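Student: sequence first, then the predicted structure, then my questions.
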Amino acid sequence: GQQLNQSPQSMFIQEGEDVSMNCTSSSIFNTWLWYKQDPGEGPVLLIALYKAGELTSNGRLTAQFGITRKDSFLNISASIPSDVGIYFCAGRNNAGNMLTFGGGTRLMVKP
Amino acid sequence: EPEVTQTPSHQVTQMGQEVILRCVPISNHLYFYWYRQILGQKVEFLVSFYNNEISEKSEIFDDQFSVERPDGSNFTLKIRSTKLEDSAMYFCASIPGLGLAGLSSYNEQFFGPGTRLTVL
């Protein structure tokens, strides 16, 4: 099946710093999604990307859908303590299809 | 805001026992999904369900697993004879339908809070 490689696996940063994480795939996805998971909870959608090259923002979060459709990145600017959690990229091909998740990036923010 | 709910939040069972995990998707949603997440690992797709039948399933979803929508609100995952390696968080998700609002985050999968299954 399709595999998503997500990096870094974990990050420990100072409050106020910017953060960047990315996902790469050996095959194409038509949609890239970024989710955040807090401990003991389900993933919550942050950003959805539908077009190659698309750059989309949601507050302090910015994500891009790579031109080749095989990668995506997520940036968080001016991190705050509540940004702590695990961030997952996910790809899917067609509407309604299954999501393939990356391995996650665990973000820790030091106040 | 409408949300997906799951019960129980934590289920402990003995190896070989049957378990049923329950989900109540968002009320006007038509497509339903089960995923699992082994502790510390990524979220993995199990099965999708539409119009009372399975649309897609992964290799994980073998004959020990089954899904059902017994009434207009519940969506269940049954594991017939649990194994130790079935211990994981199980997440239910749903979407309204295909293309109802174009390509937008409104149509992406809303996840429930999960059921932690522990098999002893």
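Tutor: Nice, thanks for sending it over.
Student: secondary structure element for the residue positioned nearest the centre of chain B?
Tutor: The geometric centre of chain B, computed from its C-alpha atoms, lies nearest to residue B:34 (Cα atoms, centre = their mean), at 2.6 Å. Assigned by DSSP states H and E, residue B:34 belongs to strand B:31-37.
Student: sorry, back to before: who touches the closest residue to the residue nearest to the centre of chain B other than its chain neighbours in this structure?
Tutor: Nearest non-adjacent residue to residue B:34, counting by Cβ to Cβ, 6 or more residues apart in numbering or on different chains: residue B:46, 4.3 Å away. Placement of C-beta: from N, CA and C, glycine included. Listed by Cβ atoms under 8 Å, 6 or more residues apart in numbering or on different chains, the contact set of residue B:46 reads B:33, B:34, B:35, B:36, B:57, B:58, B:60, B:61, B:65, B:77, B:90.
Student: where does the chain dip in pLDDT?
Tutor: You didn't say which chain, so I picked chain A. A:1 (pLDDT under 70).
Student: can you look at chain B instead?
Tutor: Filtered on pLDDT under 70, chain B yields the residue ranges B:98-103, B:106.
Student: tell me the contacts of the residue of it found nearest chain A?
Tutor: Using Cβ to the nearest Cβ, the closest approach of chain B to chain A is made by residue B:111 at 3.5 Å. Taking Cβ under 8 Å, 6+ apart, we find residue B:111 in contact with A:35, A:42, A:43, A:44, B:4, B:35, B:91, B:92, B:93.
Student: cool, residue A:55 as well?
Tutor: Residue A:55 neighbours (Cβ under 8 Å, 6+ apart): A:62, A:63, A:64, A:65.
Student: can you tell me which of these are in strands?
Tutor: If you go by DSSP state E, the contacts of residue A:55 have A:62, A:63, A:64, A:65 in strands.
Student: picking up where we left off before, next, format the contacts of residue B:111 as a markdown table and append secondary structure, neighbour count and distance to residue A:22.
Tutor: Formatted as a markdown table, these follow (DSSP: H, G, I helix; E, B strand; the rest coil; neighbours: other Cβ atoms under 10 Å in any protein chain shown; distance: Cβ to Cβ, whole Å):
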| residue | secondary structure | neighbour count | distance to residue A:22 |
| --- | --- | --- | --- |
| A:35 | strand | 25 | 15 |
| A:42 | coil | 23 | 23 |
| A:43 | coil | 28 | 18 |
| A:44 | strand | 12 | 20 |
| B:4 | coil | 23 | 29 |
| B:35 | strand | 28 | 22 |
| B:91 | strand | 27 | 24 |
| B:92 | strand | 28 | 29 |
| B:93 | strand | 26 | 24 |
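Student: quick revisit: what's the angle between the helix or strand where the residue nearest to residue B:34 lies and strand B:31-37?
Tutor: Element membership of residue B:46, judged by DSSP H and E, is strand B:43-50. On the basis of axes from the mean of the first three to the mean of the last three Cα atoms, to 10 degrees, strand B:43-50 is oriented at 160 degrees to strand B:31-37.
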